[in-house]
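[1] predicted model, plus sequence, below.
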Amino acid sequence: MITLGDYLLVSGVLFSIGFAGVMLRRNLIVILMSLELMLNAANLSLVAFSRFRFSPAGLPDYNAQVFVFFIITVAAAEVAVGLAIVVALFRARQTTDVKDISHLRF
Amino acid sequence: MSPFLFWVFALLMLIFGAAVVVNRNPVASALSLVVSFLGLAALFMSLDAYFVGIIQVLVYAGAVMVLFLFIIMLLNLQAEERRQINWLTAAGSIGVALILLIQICFVIGHFQAAQQTFPPLPRSTTDDVWNIGALLFRNYNLPFQIIGVLVLVATMGVVLLSKREPR
């Protein structure tokens, strides 16, 4: 049978993949995608805990799923702002490579 | 969900998640991310979280990924030219990620509840939209409205950022 640990393990592997992507890649858009992978790994472990822990009424603990709902909303807002910044940066510098934008001046 | 289906969807999600990082072409990365999110939505469904699984497909695999693809097409990004890879940096970042993974495995191995299977639901629950909605409006009403303000501010910020300045 599938245990809670299996879901947590899959979630941990997905988080590590996203973490490696953030550090390995130099393209800003791919870095944003890797951030999405990490957020989704956290969502998976939250939903697994929600199914594992029962509320007194014998239902899954829906508090965690409300938390996942909030995370998805904030992630969507974060992606929109991040991509707008990438577009503005591309207009100014014609690049999306983090190696080319290492100076703190414009 | 049977263990076979769980491992099929988990491996699908992880393989395409790794393809996001490995692919050199941003369009291929974005499409791999869509498949990875669909596998994740199937895992949510296997945990009886139908509402979360459906908004995963609608919001992530739908809206967010279309946004990513539009931006990639708009900027007309090509595959990265083959720069020489800095092997020291690559080995360092993969090493740090591996250390993180080993630590997570260690924590899960020492977590007593992780060895238990999921308790069966006393009755089938397909009304989780009702339950989440009731909880959202009764217990989390203030955070819900703050999230609304956050989305409004993000929308205005995006409009302001992408507006061309008059010269």
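    Received it, and whenever you're ready, just let me know what you need. Numbers count the residues shown, from 1 in each chain, chains lettered A, B, ... in the order given.
[2] any stretches of chain A with poor pLDDT?
    Filtered on pLDDT under 70, chain A yields the residue ranges A:106.
[3] for it, which helix is longest?
    Counting by DSSP state H, the longest helix found in chain A is helix A:62-93.
[4] how is chain B divided into domains?
    As assigned by automatic domain parsing, chain B contains the domains B:3-120, B:128-167.
[5] the first one spans what distance, first to last residue?
    The one in question is domain B:3-120. Length of domain B:3-120, first residue to last, Cα to Cα, to the nearest Å: 15 Å.
[6] okay, buried residues for stretch A:78-96 please.
    A:Glu78, A:Val79, A:Ala80, A:Gly82, A:Leu83, A:Ala84, A:Ile85, A:Val86, A:Val87, A:Leu89, A:Phe90, A:Thr96 (16 or more other Cβ atoms under 10 Å in any protein chain shown). From N, CA and C alone the C-beta is placed, and that goes for glycine too.
[7] what about that stretch and chain B, any contact?
    Yes: using Cβ under 8 Å from any Cβ of the partner chain, stretch A:78-96 reaches chain B at A:Glu78, A:Val79, A:Ala80, A:Val81, A:Leu83, A:Ala84, A:Ile85, A:Val86, A:Val87, A:Ala88, A:Phe90, A:Thr96.
[8] got the contact list for the last one?
    A:Thr96 is in contact with A:Asn27, A:Leu28, A:Ile29, A:Val86, A:Leu89, A:Phe90, B:Leu75, B:Leu77, counting by Cβ atoms under 8 Å, 6 or more residues apart in numbering or on different chains.
[9] kindly report the same for the fifth one.
    Taking Cβ under 8 Å, 6+ apart as the contact definition, A:Leu83 lies against A:Ile29, A:Leu32, B:Leu67, B:Phe68, B:Ile71.
[10] how many residues are close by residue 2?
    Assuming you mean chain A. Using other Cβ atoms under 10 Å in any protein chain shown, A:Ile2 is surrounded by 18 other residues.
[11] I was thinking of chain B, sorry if that wasn't clear
    Using other Cβ under 10 Å, B:Ser2 has 10 other residues around it.
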